[in-house]
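> Can you look at this prediction? I've put the sequence above it.
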Amino acid sequence: MINTSFFKLILMKILRVLSLLMALCFISFFLVSHSPIDPVQAYVGADMTRVGAEQRDQIAKHWGLDKPPVERFLLWGKSILKGDMGTSMIYRSPVSEVIKQRFLASLALMGIAWILSGILGFIMGIIAAMMNGSWIDKIIKWYSLTLASTPTFWLGLLLLMVLSVKFGWFPIGMGVPAGVLAEEVTLANRINHIILPALTLSITGVANIALHTRQKLIDVLESDYILYARAKGESGFKLLLRHGLRNIALPAVTLQFASLSELFGGSVLAEQVFSYPGLGQATVQAGLRGDLPLLLGIVLFSALFVFSGNLIADIIYKLVDPRLKEGKSI
Amino acid sequence: MLEVNNLSISFIQYEKGLKQKTIQVISDLNIKISKGEILAIVGSSGSGKSLLAHAILGILPKNALMSGTILYDGRELTTKRQKKLRGNEIAFIPQSVNFLDPLMKVGSQVRSSVSAGEKKEKQRKIFDRYSLDSRTDSLFPFQLSGGMARRVLVASAVVGGAKLIVADEPTPGLHPEVVNETLGHLRELANQGCAILLITHDIGTALNVADSIAVFYSGITIEISPVSDFSGKGESLRHPYTKALWNALPQNDFNPIDGFQPSHIEQHSGCPFNSRCTFKSSECVSKLPLIRDVRFGKVRCYHAT
Amino acid sequence: MTEILTVLSKKKFINILPKLNRRHSTLLRVTFSSLILLCIIAASMLLSNDRIATNFDLKNLPPSMAHPFGTDWLGRDMFTRTIKGLSLSIYIGIIASLSSVIIALILGMGAATLGKAFDTFVTWLVDLFLGMPHLVALILIAFTVGGGAKGVIIGVACTHWTSLTRVIRAEVLQLRSAEFVQISRQMGKKPLWIAIHHILPHLVPQFFIGFVLLFPHAILHEASITFLGFGLSPHKPAIGVILSESMKYLSTGMWWLAFFPGLLLFVTVRAFDSIGENLRLLFDPHNAHE
């Protein structure tokens, strides 16, 4: 069923993403190089008084900071193409290595939240739409709208105050127990530390998908084909399964893939609150301490992450929806 | 077979600003169809004809208020009976392919109307009857041509063994060939004993196939006549609006009347046609005439003979 | 029969009247939410700065009548800090979302009127800005500007124009093909004249609703970015600063440091959200029924 026009479309999309990434490289490099924050200063930090001008120059030279911006961009761009994103100043290891390690930790966190919020939100949306106008619908709508306005980090702080400080059920922060060697960290430890940040992200994550699914299903229920299905004697739960879910599942999955940008932003905040050693925390550290290679690397990586989500959403849509499979517009 | 008495349907709607208002879309409607008969309801677009179909099938929107009675097979058509009968004894032919689930293959959509027996076999048989080959089964609605879509929709109504078919504008903007083919299917079904309620805005379509015609004006039936009365200069017609409608046809005088049909929002106390009528008298303005029998038909006019 | 029906419906109508219909309650909600916000701004002007001066006699007090939100480890009144922080957030939010809406208006109108190349460029630009997670973009921009209110305003303005741009572009495209614009063009009016007289007035509701809907996002992002340490300086009374400081005192059980400021931030955001949402419903012609 898949024809060449489909592959052409995907190829166009990928080319577009590449053009966007290239532009992003340029823009972010330009932005960062115009920052009044001196990376050497930020790197040296409190040792300022003990580091002489000579040493500063050496540090600058070491990172190539003495060269003009255009030359630096070309050098950086060249090595990026080779897959080398430079060395992180604060973690003293290759940027790609830092991102990989940190991203795996974040991926566990975001993955749990993504799946949980997706399923919960979808079910809530369906219930609300089926009971459109009832008090259950009102509660779900109110809850979703309310959560959309809740600052993620405040919610995290509340959970931390109630569940960790008051009840002592969960540790206060850190991805693993403090003072324990990396090899001795058990899976249970990890799970214990991931629950609260994942919970925080899931609680806020349901809002969007629930509201969207609700609206979509209400539209579907008001559609001509549901009217006709009812005229043909279909009703109740079977009607919902046969015609409702079929028409709302795809948009919901697409939306969930397209929401990776918000998920990433949420995880930056949640990781900060719970001191979870993921990519979000590394972003904040890189920004605060002027780690230019790492900051640039994360900007590119996060964009790649979001673009991939959008691309997957597009591909799923084109593969599943029969109307798009033939390359027709709806 | 089907008898609708004093049916009225109204809605509550917001006006500009903060006011609410009740709008009566169908007022005091009376029709009757027997076995083997096609009754066409003719009225301009947006005159609330579709709601009549929805009322018979029991699929009116929740905010609609309905009064009056509907009798099917001599007994009242209650909500419970509607639920039991729709899809099999009472079938619906919708306006367009948009009434099919866009993400479901048409074969399985038609099979859902089969209540008992070998579903696949029955569907195939009906499709064969309307010359839809086996490839059609696995097509999606958007892949159907106009004529195929018509046949699928008719097949879907027939497959459940319908005795009463409500067809709501079944030939909108179609090629004349397709229109004739579809109307031919309806005639054939009526000849086999089905009662058919054909709702349309096109009096030409109605004249083509129906046995009698009910004319709708601003949500009110103003005349019900056998189709044979539509002849000559319309001398045998009863209501001045019906006569005007007949004489406005291209093959007759091609002479349209002035003015517009009042919308439902203007609540009328008298005859809704009075502003355009040459026979207008003071009673026409003050009070809506009752429907009465005149020469084998019915009319709602003080001056009809 | 008809008479009975009209009488019946009239009776029903009278029964409905004393109750509020949906538009009344929408207006009521908008008024209520606006009042909350006015109160916050008024309170921030009335509260004296003395209450947030360091005073070790009053440190670490739990909430009481004198200090409804308690005090912090420097003896500063948390209620005053919160209110002042919020009104600062509101000012920043107004500037940031206004800039964002103006960017959206210019790009959206440009995309719809200045030809295909520019349209493609704007779509590409929208994709570019949607590609970076907002928070990462905000960090990048705040880093470039060197932090402070300026960084927050520029950052929020630069990241929030995308969806409104799409809405305005679609709206302008639709208006351009509308009959009255076509006629106006045939009558020889200049494009600029048409834009000002026929297109801009129709965009006013979009502009206004877009502004109100962007506002809560702007405030939330200001607080987030400040919380992370890229926004307002720690010396300013800002919700982000307050919450970030409170983290150090969480384990001591001083719950009021984080609870009340966050709650008030939440109430503010929710109030604006509700105003925007209700206004949108009020202007949307699709909601006439029901």
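Perfect, I can see it now. Numbering: from 1, shown residues only, chains lettered A, B, ... in the order given.
> Name the helix or strand of chain A that has the lowest mean pLDDT.
helix A:39-44 (a mean of 63; mean pLDDT, DSSP states H and E).
> tally of neighbours for residue 149?
Defaulting to chain A. Other residues within reach of A:Ser149, judged by other CB atoms under 10 Å in any protein chain shown, total 22. For every residue, glycine as well, the C-beta is placed using N, CA and C.
> that's the wrong chain, I wanted chain B
21.
> From A:Leu263, how far out is it?
42 Å (CB to CB, to the nearest Å).
> and if you look at C:Thr162?
17 Å.
> Please say which of these two ends up with more neighbours.
Ranked by neighbour count (other CB under 10 Å), C:Thr162 and A:Leu263 place A:Leu263 first, with 24 against 20.
> For that one, which three-state class applies?
Secondary structure, DSSP: H, G, I helix; E, B strand; the rest coil: A:Leu263 is helix.
> Ok, B:Glu223 next?
Per three-state DSSP, B:Glu223 ends up strand.
> Surely it is in contact with B:His239?
Yes - the criterion here is CB atoms under 8 Å, and B:Glu223 meets it with B:His239 at 4.1 Å.
> got any residues that touch both of those two?
Listed contacts common to B:Glu223 and B:His239 are B:215, B:299-301; contacts here mean CB atoms under 8 Å, 6 or more residues apart in numbering or on different chains.
> What is the nearest of the residues you listed to chain A?
B:Val215 (25.1 Å; CB to the nearest CB).
> Shouldn't that closest one be within a strand?
Yes - looking at B:Val215 with three-state DSSP, it is inside a strand.
> Look at the nearest residue to A:Asn132 once chain neighbours are set aside and say how many residues are nearby.
Nearest non-adjacent residue to A:Asn132, counting by CB to CB, 6 or more residues apart in numbering or on different chains: A:Ile218, 5.7 Å away. As a burial measure, A:Ile218 scores 18 neighbours (other CB under 10 Å).
> do the same with A:Thr4
8.
> so what's it scoring on pLDDT?
For A:Thr4, the pLDDT comes out at 72.
> any idea how far chain C is from it?
24 Å (CB to the nearest CB, to the nearest Å).
> Residue in the stretch 201-305 of chain B with the shortest distance to chain C?
Closest point on the stretch 201-305 of chain B to chain C, by CB to the nearest CB, is B:Leu288, at 6.3 Å.
> rewinding a little: how close does the residue nearest to A:Asn132 get to A:Ala249?
A:Ile218 sits 16 Å away from A:Ala249, going by CB to CB.
> List the buried residues of stretch B:235-252.
By 16 or more other CB atoms under 10 Å in any protein chain shown, the buried positions in stretch B:235-252 come out as B:236-247, B:249.
> And it, how far out from the chain middle?
20 Å (CA atoms, centre = their mean, to the nearest Å).
> Quote the end-to-end distance of it.
13 Å (CA to CA, to the nearest Å).
> wait, what's in contact with the residue nearest to the spatial centre of chain A?
In chain A, the residue lying closest to the centroid (CA atoms, centre = their mean) is A:Phe264, at 2.4 Å. A:Phe264 makes contact with A:110, A:280, A:302, A:305-306, C:133, C:135-136 under the criterion CB under 8 Å, 6+ apart.
> Who wins on neighbours among these?
A:Gly280 (31 neighbours).
> Could you report the distance from that residue to A:Asn192?
19 Å.
> Any regions of the stretch 151-290 of chain C where pLDDT drops low?
C:284-290 (pLDDT under 70).
> at 90 what do you get?
By pLDDT under 90, the weakly predicted segments of the stretch 151-290 of chain C are C:151-152, C:155-156, C:158-223, C:227-290.
> Surely B:Gln95 is within a helix?
No - read with three-state DSSP, B:Gln95 is coil and lies in no helix.
> got the contact list for it?
B:168-170, B:172.
> now with 10 Å?
A:224, A:228, B:50, B:153, B:167-173, B:199 (CB atoms under 10 Å, 6 or more residues apart in numbering or on different chains).
> Tell me the first helix or strand C-terminal of the lengthiest helix in chain B.
For chain B, the helix that runs over the most residues, judged by DSSP state H, is helix B:176-191. Once helix B:176-191 ends, the next helix or strand along the chain (criterion: DSSP states H and E) is strand B:195-200.
> mind listing what's buried in that next one?
So strand B:195-200, judged by 16+ other CB under 10 Å, has buried residues B:195-200.
> mean confidence for that strand?
91.
> and if you look at stretch A:214-230?
For stretch A:214-230, mean pLDDT rounds to 90.
> Would you quantify the distance from the closest residue in space to A:Ser19 that isn't next to it in sequence to C:Ala117?
Nearest non-adjacent residue to A:Ser19, counting by CB to CB, 6+ apart: C:Trp124, 7.6 Å away. Distance of C:Trp124 to C:Ala117, computed by CB to CB: 11 Å.
> and the two? which has more neighbours close in?
Neighbours per residue, other CB under 10 Å: of C:Trp124 and C:Ala117, the larger number sits with C:Trp124, 13 against 8.
> rewinding a little: the shared contacts of B:Glu223 and B:His239, buried ones only, as a PyMOL selection?
Burial among the shared contacts of B:Glu223 and B:His239 is assessed by 16+ other CB under 10 Å; the matching PyMOL selection reads:
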select buried, chain B and resi 215+299+300+301
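> For chain A, what is the nearest residue in the stretch 1-150 of chain C?
For the stretch 1-150 of chain C, CB to the nearest CB, closest residue to chain A: C:Leu135, 3.6 Å.
> what sits against that residue?
Neighbours of C:Leu135 in contact, by CB under 10 Å, 6+ apart: A:152, A:261-262, A:264-269, A:280, A:283-284, A:302, C:155, C:159, C:221, C:224-225, C:228, C:230.
> Please repeat the previous calculation with a cut-off of 6 Å.
A:265, A:268 (CB atoms under 6 Å, 6 or more residues apart in numbering or on different chains).
> Please state the backbone phi and psi of the closest residue to B:Gly161 other than its chain neighbours?
Spatial nearest neighbour of B:Gly161, excluding adjacent residues (CB to CB, 6+ apart): B:Asn88 at 6.0 Å. Backbone torsions of B:Asn88, given as degrees, to the nearest 10, read phi -120, psi -80.
> A:Asn310 now?
Main-chain torsions, A:Asn310, degrees, to the nearest 10: phi -60, psi -40.
> Just give the nearest non-adjacent residue to it, would you?
A:Ala258 (5.7 Å).
> Sticking with B:Gln123, tell me its helix or strand.
Following DSSP H and E, one finds B:Gln123 within helix B:119-129.
> so what are the domain limits for chain A?
A:4-81, A:99-329 (automatic domain parsing).
> For these, which has the smallest mean pLDDT value?
domain A:4-81 (a mean of 74).
> Briefly note if the host helix or strand of C:Leu203 comes near chain A.
In this structure, C:Leu203 sits in helix C:200-228 according to DSSP H and E. Yes - residues of helix C:200-228 contacting chain A under CB under 6 Å from any CB of the partner chain: C:220, C:223-224, C:227-228.
> give the contact list for C:Asp127.
Applying CB under 6 Å, 6+ apart, we find C:Asp127 in contact with A:Leu20.
> if I look at it, how far off is chain B?
Applying CB to the nearest CB to C:Asp127 and chain B gives a distance of 28 Å.
> Quick check: that residue vs C:Asp57, distance?
C:Asp127 is 57 Å from C:Asp57, by CB to CB.
> cool, B:Gln82 as well?
From B:Gln82 to C:Asp57 the distance is 78 Å (CB to CB).
> now do B:Ile291
Counting by CB to CB - B:Ile291 and C:Asp57 are separated by 91 Å.
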